[in-house]
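>>> Need coordinates for the below:
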Amino acid sequence: MCEEKNCHDKVCRCGSKRMERFLVPSILLLLSEGSSYGYELTEKYSKMGFTESGHDFGAIYRTLNLLEGEGFIKSQWEINKSGPAKKNYSITKEGNDELNRWVEFIKDREKIFKIFLERFHKLGK
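Numbers count the residues shown, from 1 in each chain. Next up, the predicted model:
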């Protein structure tokens with residue numbers, strides 16, 4: 001069970017402070033913009049600026065499987081006559097709810113980081 005004040009979901013990951021966990025809300029955000037394939041998601045995530053060492057295909061696909069297993073996203077295979085079949089992912093209502101919980105968590109952290117940075121800059125650093 002998540003201990004965060006704005007989170008009421010037993011599956012929430014917003015309590016983690018590692019940036020790798022930011023992959024969860026990032027994928028949900030990207031899929032809220034429209035359905036996408038795994039490789040496209042790696043490209044979009046990389047363009048968000050959270051990956052320094054290029055694409056981590058394994059982490060993206062592990063997170064997609066996890067989110068699908070929890071009902072936050074769903075997938076459908078699409079057959080393409082000019083190429084291989086692709087798994088297309090889209091966000092569910094539950095996924096949108098989870099994304100909203102993440103947004104509240106991030107807003108709370110944004111306030112904390114702002115106070116921290118203001119205090120740091122007062123030191124003249």
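>>> Show me which parts of the lowest-mean-pLDDT helix or strand in the chain are buried, residue by residue.
With mean pLDDT, DSSP states H and E as the measure, the helix or strand of the chain carrying the lowest mean pLDDT is helix 38-47 (a mean of 89). Buried positions in helix 38-47, judged by neighbour count with 16 or more other CB atoms under 10 Å: G38, L41, T42, K44, Y45, S46. Yep, even glycine has a C-beta here, placed from its N, CA and C like the rest.
>>> after it comes which helix or strand?
Using DSSP states H and E, the next helix or strand after helix 38-47 towards the C-terminus is helix 57-69.
>>> which residues are in contact with that next one?
Helix 57-69 is touched from outside by 20, 23-24, 27-28, 38-39, 41-42, 45, 73-75, 89, 95, with contacts defined as CB atoms under 8 Å, 6 or more residues apart in numbering.
>>> hang on, the earlier thing: with respect to P84, which of the buried residues of helix 38-47 is nearest?
The shortest distance between P84 and any of the buried residues of helix 38-47, using CB to CB, involves G38 and amounts to 12.3 Å.
>>> thought the closest one was touching S75?
No - with the criterion set as CB atoms under 8 Å, G38 and S75 do not qualify as a contacting pair; they are 9.1 Å apart.
>>> what do the two both touch?
With CB under 8 Å, 6+ apart, G38 and S75 have common neighbours L64, K87, Y89.
>>> just how off-centre is the least confident helix or strand of the chain within its chain?
Relative to its parent chain, helix 38-47 has a centroid offset of 12 Å by CA atoms, centre = their mean, to the nearest Å.
>>> Between helix 57-69 and it, find me the angle.
With axes from the mean of the first three to the mean of the last three CA atoms, to 10 degrees defining the directions, helix 38-47 sits at 110 degrees from helix 57-69.
>>> quick one on the thing from earlier: which pair in the contacts of helix 57-69 has the greatest spatial separation?
Considering CB to CB, no two members of these lie farther apart than E20 and K74, which are separated by 23.7 Å.
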